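Visitor: My questions are about this predicted structure, shown below with the sequence.
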Amino acid sequence: MKTSKKGRLYIISGPSGSGKGTLLELLHRQKVNIILSISATTRPPREGETDGVDYFFLDREEFLRLMNRDGFIEHAEYCGNLYGTPKSAVSKWLEQGQNVVLEIEVQGAQIVKEKMPGSVSVFIMPPSLEVLEERLRKRKTENEEVLRERLETARQEMAQAEQYDHVVVNDSMEQAAADLEHIINGGT
């Protein structure tokens with residue numbers, strides 16, 4: 001059934017380890033009216049990640065080929081890996097009246113906001129850099145050098161939070177999820 005009302009695009013950003021993915025997974029399980037867009041990346045899958053579910057895992061050549069064909073809404077390089085939002089599926093869902101969430105890096109968020117001015121941007125903020133470092137260390141997915149790089153990138157990203165429509169501090173997962181759900185259900 002085709003609806004005349006277009007969906008709304010929500011941009012979710014925040015430092016690595018801020019809890020973006022966990023919050024969105026929680027909202028998805030709570031049946032909040034959203035479709036989670038799947039990004040493409042050149043980084044290797046982490047343990048437990050599945051191609052086509054968590055990300056579309058592409059080699060650099062495949063990614064660049066799609067990029068050159070204007071196949072991404074946005075794309076950016078983060079910690080040496082390429083990330084991008086495939087254009088075709090997002091456009092289709094919005095036309096069908098679905099609300100679509102993009103979980104993307106700060107660089108990509110700025111590009112999407114410019115290209116799609118009706119979108120709503122939300123920055124997921126960790127309570128502190130110390131808490132963020134603790135979360136990243138608990139993941140045990142990066143070596144010390146990559147961890148330091150992620151923390152430096154987090155400092156830079158957190159300084160840009162005021163450019164977003166909303167900032168949600170993820171001190172309590174339940175409260176942060178409730179705040180994010182309110183933003184999505186409120187249509188702001």
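Guide: In hand now; what should we look at? Since we're looking at a predicted model, the values are computed, not measured. Residues are numbered from 1 along each chain as shown.
Visitor: quick one: low-confidence parts of the chain?
Guide: 1-4, 187-188 (pLDDT under 70).
Visitor: Spell out, range by range, the helices that occur in this protein.
Guide: Counting by DSSP state H, the segments of the chain that form helices are 20-29, 60-68, 87-95, 106-115, 129-139, 144-158, 173-186.
Visitor: What lies in contact with the fifth one?
Guide: In other words, helix 129-139. Applying C-beta atoms under 8 Å, 6 or more residues apart in numbering, the contact partners of helix 129-139 are 15-19, 126, 142, 147, 150-151, 154-155, 158, 171. Where you see a C-beta, it was placed from the backbone N, CA and C, and this is true even at glycine.
Visitor: Swap in 7 Å and give it another go.
Guide: Outside helix 129-139, the residues that touch it by C-beta atoms under 7 Å, 6 or more residues apart in numbering are Pro15, Ser16, Gly17, Ser18, Pro126, Glu142, Leu147, Arg150, Leu151, Ala154, Arg155.
Visitor: Now for the second one: which residues touch it?
Guide: When you say that, I think you mean Ser16. Taking C-beta under 7 Å, 6+ apart, one finds Leu136, Arg150, Ala154 in contact with Ser16.
Visitor: Name the residue closest to the centre of the chain, please.
Guide: Centroid-nearest residue in the chain: Glu103, 1.3 Å away (criterion: C-alpha atoms, centre = their mean).
Visitor: which one of the contacts of Ser16 has the most neighbours?
Guide: When neighbours are taken as other C-beta atoms under 10 Å, the top entry among these is Leu136 (22 neighbours).
Visitor: Could you point out which of the helices of the chain sits nearest Ile38?
Guide: helix 87-95 (7.8 Å; C-beta to C-beta).
Visitor: Which of the contacts of helix 129-139 sits closest to Arg69?
Guide: Comparing the contacts of helix 129-139 against Arg69 with C-beta to C-beta places Ser16 closest, at 28.5 Å.
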